[in-house]
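Chemist: Have a look at this prediction, sequence included:
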Amino acid sequence: TPSDSRHWLDELNPEQRAAVCHCIGEGGAPPSGPLLVIAGAGTGKTGTLAHRVANLVIHGTDPSRILLLTFSRRAADEMGRRVRRILARAAADHAWLAQVQLPWSGTFHAVGARLLRDFAGRIGLDAGFTIHDREDSADLMNLARHEAGLSARERRFPLKNTCLAIYSAAVNARKPLHEVLRASFPWCLEWEDELKRLFRAYVEAKQTQQVLDYDDLLLYWAHMVADPALAAELGGLFDHILVDEYQDTNPLQAAILLAMKPDGRGLAVVGDDAQSIYAFRGATVRNILDFPAQFDPPAERIVLNRNYRSTRPILEAANAVIAMAGEGFAKNLWTAREDGGRPRLVSVRDDADQVGFIVAEVLARREQGMPLRQQAVLFRAASHSARLEMELTRRNIPFVKFGGLKFLEAAHVKDVLALLRWLENPRDRVSGFRVLQLLAGIGPKTAAKVLDNVCAAHDGCALLAEQPVPEAAREAWREFAVLAETLSAAQAPWPAAFEAACTWYLAQMPRLYEDATVRQGDIEQLQRIAATYPGRRAFLTELTLDPPNATSDEAGIPLRDEDYLILSTMHSAKGQEWRAVTVLNAVDGCIPSDMATGAEAEIDEERRLLYVAMTRARDSLDLVVPQRFYVTQQQGLGDRHVYAGRSRFIPNRLLPCFEQLSWPEPPPELRGTPESRQAAIDLAAKMRGMWD
Ligand code: ATP
Ligand code: MG
């Protein structure tokens, strides 16, 4: 270690420093052997990775030869900021560091998209491919299903989203269809042959239309590196590959890494097996557990045990919850933060009281000087926050929401993006189908007929003018055909071309949506975002892979100078921390979700999810338990009240970890002792349990 950089390294504990300095030689020294940091929440894994990147750069590694894989673009941006900060401090001694580029960073999918654009020709793929998001993919799956004669109406064949989920699970887990069906979709086993037929049709449709779905970004990447020569070339692009949240990678991603770095040199991964929460999407905790033994000699394994994030009572409660998951997941975490009270278990009557409690507490904390943005409310499903959002809006309390429906999933925003995508690639049937029906007088039949002609042609948009359309649509059609031909040209000026497309679309909007004026703002927002991208392709790729939030600025970052409360699904809260965290609906049916089938593995994943949520808290943690709450029925049965008990992940024997209270406080005569209140709750649960 050069003495002049000691001041920033000194802040790390010995284990962190070992990870940051693992096998880094001076100057041209060979890249390090593989490294695994496996450690509990808040122990500084992500920070250690950022320090390691900075240390590599300080020791002369070219940043463009470092690849940093994170779980979301937000995480990549945050990591970039951390690296910058460390480098800025070190720049006091090495002025050149102030100027250096940041490394390549992004999600596996985003990096895959970038590599595929560059190397498409080498594997026979057209570099002009379009990327479909999940909804587009489901629509294409639906088209394939109709074409394969497997329409849902006649028979009980699984719906498009189920088909896509099965397809995706098989691809990401690299498992035969039969195995995936047996393990996760047993009710679809009878359709195995039909599903195979369907997936063949789906893949064929993607090929003729030159579209890639999310899974393809990994699948084609894996295909590239299956060729040893190409694997060596791609692996050779990077001296170092670092991965955060490795516990949530799937077998396909692990295979890609191994193929790029077969001897593990330059590979460093960090993660926490107790926080693996994406098994439902094909991730497997085996990746992190089996990592060291893949290499010879095995990867160096470093464990971090000191949690720097949370107070001791919070950490103890979280540890107690995860300890019930059994051996393996429990961690020996400790913290020097002795201050602070126990996390609170707050009993409220219903959803309305829950919202009342949360808003009151949030405002009280702000009053005491804790900005809103250091407070977060976390929930299992995006829909759980609906009532809270309404109340926050009514009371003018700004918030941002992560997870759930995104800005880009709104129908009108999708319209514009489909238009842009289709102009880029007229063979993309799903986008074309959506776009053509935006025109006055064009229905699904005409749209399908036109697409048959256009998709087959090389220069589709040029043919639009001569397509047979109903008399009533003639005028609008002619106008659209001219627009499409001008804008589809690869040289169409950016972002002017996009603005022209938006102008056309804005003119259609009043006919399409009753609330067009409200939606107009989003289109204008989209134009502002577009202007920050160098071109159409970069814009489309980025937005499809990592859509910004509705309530954020162009870069997808929440507006800076305004204070806002954070609402987030537990999944999207991964890796982050806030001073105050409130867990909404800490009840059975929400966490664990009643969507979980009850299989032990699924229940355990839900438990780890609650652990992730609890370990986001630095100073204060509240778990709110409404005694009844609304659920919105999916099958059109209307809303109904459900009575639920406290989450099974907090059984009675864990109660000493929590401070219990009721809100609003009951009148004195009903208050009783904590024990008597608990007895009443237990009795109520027992009486309900008779009917389970
Ligand atoms: P998670 O498992 O939730 O992803 P993590 O292990 O990645 O957590 P970080 O987010 O890197 O942990 O760090 C957690 C907190 O601890 C941060 O606020 C960080 O600044 C702080 N921290 C980490 N290491 C140290 C240290 N050596 N000294 C002081 N603070 C530290
Ligand atoms: Mg982290």
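Modeler: Alright, I've got the coordinates. Ligands and ions are numbered 1, 2, ... in the order given.

Chemist: When you work out contacts or count neighbours from here on, use the C-alpha atoms and nothing else.
Modeler: Fine.

Chemist: near ligand 2 at all, stretch 234-250?
Modeler: No. Interface with ligand 2: stretch 234-250 contributes nothing (Cα under 5 Å from the ion), its closest point being 6.6 Å away.

Chemist: Averaged pLDDT, that stretch. What do you get?
Modeler: Rounded to a whole number, the mean pLDDT of stretch 234-250 is 95.

Chemist: What residue in the stretch 151-300 of the chain comes nearest to ligand 1?
Modeler: Closest approach of the stretch 151-300 of the chain to ligand 1 (Cα to the nearest ligand atom) occurs at Asp272, with a separation of 6.4 Å.

Chemist: pLDDT value on that residue, please?
Modeler: What the model reports for Asp272 is a pLDDT of 95.

Chemist: okay, now it: neighbour count?
Modeler: Counted by other Cα atoms under 10 Å, the residues lying close to Asp272 total 24.

Chemist: ok, now which ones touch it?
Modeler: Counting by Cα atoms under 8 Å, 6 or more residues apart in numbering, Asp272 makes contact with Ile38, Ala39, Gly40, Ala41, Glu245, Tyr246, Gln247.

Chemist: I'd like the list of those residues that fall within strands, please.
Modeler: Residues from the contacts of Asp272 lying in strands, with DSSP state E as the criterion: Ile38, Ala39.

Chemist: Dump the contacts of Asp272 into TSV; add distance to Arg373 and neighbour count as well.
Modeler: Below are the contacts of Asp272 laid out as TSV (distance: Cα to Cα, whole Å; neighbours: other Cα atoms under 10 Å):
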residue	distance to Arg373	neighbour count
Ile38	29	24
Ala39	27	24
Gly40	25	26
Ala41	21	30
Glu245	24	22
Tyr246	27	29
Gln247	28	26
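
Chemist: and ligand 1, which of the contacts of Asp272 contact it?
Modeler: Subset of the contacts of Asp272 in contact with ligand 1: Gly40, Ala41, counting by Cα under 6 Å from any ligand atom.

Chemist: so where do the helices sit in the stretch 51-200 of the chain?
Modeler: Here the stretch 51-200 of the chain has its helices, by DSSP state H, counting those that start in this stretch, at 73-90, 108-119, 134-147, 160-173, 177-184, 192-209.

Chemist: Which of the ones you listed sits closest to ligand 2?
Modeler: Evaluated with Cα to the ion, these place helix 73-90 nearest to ligand 2, the distance being 8.9 Å.

Chemist: By proximity to ligand 1, which residue of the stretch 451-600 of the chain wins?
Modeler: When distances are taken as Cα to the nearest ligand atom, the stretch 451-600 of the chain approaches ligand 1 most closely through Gly575, which lies 3.6 Å from it.

Chemist: these two touch, right, Thr564 and Ile397?
Modeler: Small correction: residue 564 is Tyr, not Thr. Yes. Tyr564 is in contact with Ile397 according to Cα atoms under 8 Å; the separation is 7.3 Å.

Chemist: ok, and the closest non-adjacent residue to Ser137?
Modeler: By the measure of Cα to Cα, 6 or more residues apart in numbering, the closest residue to Ser137 outside its immediate chain neighbours is Asp213, 6.3 Å from it.

Chemist: returning to that earlier point: contacts only, for the residue of the stretch 451-600 of the chain closest to ligand 1.
Modeler: When contacts are counted by Cα under 8 Å, 6+ apart, Gly575 touches Thr46, Ala75, Arg616.

Chemist: Please name the nearest non-neighbouring residue to the last one.
Modeler: With Cα to Cα, 6+ apart as the measure, Glu577 is the residue that lies nearest to Arg616, at 4.5 Å, once sequence neighbours are left out.
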